[in-house]
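Asker: Below is the structure, and that's it, no one-letter string:
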């Protein structure tokens with residue numbers, strides 16, 4: 001039976017949809033690293049051709065997926081290790097860019113818990129642009145910290161504006177060197193909910209994981225590099241039913257378009273927002289280490 005295509009934002013899961021992760025896709029390179037001691041798995045998916053992009057349904061670029069089964073636990077030391085790993089991977093995607101001015105955007109709706117990761121993460125971020133411009137870099141205690149500004153633009157139902165319109169206006173006004181967007185994603189597998197983090201240099205199309213497509217945020221649309229960081233917080237109900245019974249033929253119609261999230265999502269979002277913000281603070285606010 002052909003594997004069912006369920007909506008997912010994860011490039012790793014898009015690759016797995018080809019009848020297993022061992023099947024080669026033209027123009028797609030997959031590399032894996034596993035840290036047995038910390039139980040962390042990193043998968044690099046590099047889409048290098050237009051054909052590979054079409055087959056994967058993802059833009060050309062690099063996708064880093066960190067899987068950490070213990071990420072759903074409240075172990076602060078473990079989350080610190082995850083933040084340190086994320087800081088390394090973020091530097092990798094930046095390609096050695098030193099001390100850029102960075103705009104960090106938290107996408108999503110603060111009033112909808114599974115979608116609140118981005119806004120809450122920005123609230124935890126160490127914002128430095130105003131301090132550096134007023135008092136100089138010395139105020140941060142290190143000489144090579146970056147100018148960090150943050151924005152949580154909300155969603156169209158709250159503002160009446162496309163997210164891309166708001167971000168384009170801010171980018172034109174403050175001229176950052178780099179844009180980092182944080183968003184909640186949709187996964188194919190329940191085991192990856194709140195246990196997986198994806199970083200990519202391709203930018204992002206907000207809302208695509210739940211079928212609510214908005215204008216893309218990319219280097220092509222904004223004129224500056226865009227790195228997207230996301231955590232899957234929902235899974236489509238159809239995927240759960242398919243995993244349980246092997247098909248969706250008996251799925252009640254009212255479940256179409258329904259998404260499921262963990263029952264302790266409030267706690268998980270709060271925890272993950274700190275983990276992500278600490279990773280960015282390590283890279284941008286505390287100088288090189």
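Answerer: Looks like it arrived, so ask away. Because the structure is predicted, anything quoted here is derived from the model rather than measured.

Asker: in the chain, what secondary structure element scores lowest on mean pLDDT?
Answerer: Least confident helix or strand, the chain: helix 237-245 with a mean of 78, by mean pLDDT, DSSP states H and E.

Asker: That one: which residues count as buried?
Answerer: Within helix 237-245, the residues scored as buried using 16 or more other CB atoms under 10 Å are 237, 238, 239, 240, 241, 242. C-betas here are computed from N, CA, C, even on glycine.

Asker: isn't the fourth one right next to residue 189, touching?
Answerer: This means residue 240. No: in this structure residue 240 lies outside contact range of residue 189 using CB atoms under 8 Å: 9.7 Å.

Asker: and residue 34, that's in a strand?
Answerer: Yes: counting by DSSP: H, G, I helix; E, B strand; the rest coil, residue 34 falls inside a strand.

Asker: Kindly tell me how buried it is, as a neighbour count.
Answerer: Neighbour count for residue 34, taken as other CB atoms under 10 Å: 12.

Asker: so who does it touch?
Answerer: 40, 41, 42 (CB atoms under 8 Å, 6 or more residues apart in numbering).

Asker: what's the neighbour count on the last one?
Answerer: Under the neighbour criterion other CB under 10 Å, residue 42 is assigned a count of 19.

Asker: cool, and residue 267?
Answerer: Residue 267: 14 neighbours (other CB under 10 Å).

Asker: Please apply the same query to the one 10 residues further on.
Answerer: Using other CB under 10 Å, residue 277 has 23 neighbouring residues.

Asker: cool, residue 96 as well?
Answerer: 6.

Asker: So it: helix, strand or coil?
Answerer: coil.

Asker: Ramachandran angles for it?
Answerer: Backbone torsions of residue 96, given as degrees, to the nearest 10, read phi 80, psi 10.

Asker: Packing partners of whichever helix or strand comes after the least confident helix or strand of the chain?
Answerer: Next helix or strand after helix 237-245 toward the C-terminus (DSSP states H and E): strand 259-260. Applying 3 or more CB pairs under 8 Å, 6 or more residues apart in numbering; DSSP states H and E, we find strand 259-260 packed against strand 226-236, helix 237-245.

Asker: how about a cut-off of 6 Å?
Answerer: strand 226-236 (3 or more CB pairs under 6 Å, 6 or more residues apart in numbering; DSSP states H and E).

Asker: Quick check: buried residues in stretch 34-46?
Answerer: Residues 40, 41, 42, 43, 44, 45, 46 are the ones in stretch 34-46 that count as buried (16+ other CB under 10 Å).

Asker: Oops, could you answer that again for stretch 257-264 instead?
Answerer: 259, 261, 262.

Asker: Please read off the pLDDT at residue 113 from the model.
Answerer: Per-residue pLDDT puts residue 113 at 95.

Asker: Kindly report the same for residue 193.
Answerer: Confidence score, pLDDT, at residue 193: 93.

Asker: With residue 121 instead?
Answerer: In this model, residue 121 is scored at 96, pLDDT.

Asker: quick check, it in a strand?
Answerer: No: Residue 121: not assigned to a strand; according to three-state DSSP it is helix.

Asker: picking that back up, nearest to residue 62, out of the buried residues of helix 237-245: which one, please.
Answerer: residue 239 (25.6 Å; CB to CB).

Asker: separation between that closest one and residue 283?
Answerer: 34 Å (CB to CB, to the nearest Å).

Asker: what are the phi and psi values for residue 63?
Answerer: The phi/psi pair for residue 63 (degrees, to the nearest 10) reads phi -120, psi 120.

Asker: Check the gap between the closest residue to it other than its chain neighbours and residue 25 for me.
Answerer: Closest residue in space to residue 63, ignoring its immediate chain neighbours: residue 11 at 3.7 Å, by CB to CB, 6 or more residues apart in numbering. To residue 25, residue 11 is 11 Å away according to CB to CB.

Asker: Which of those two has more residues huddled nearby?
Answerer: residue 11 (27 against 18).
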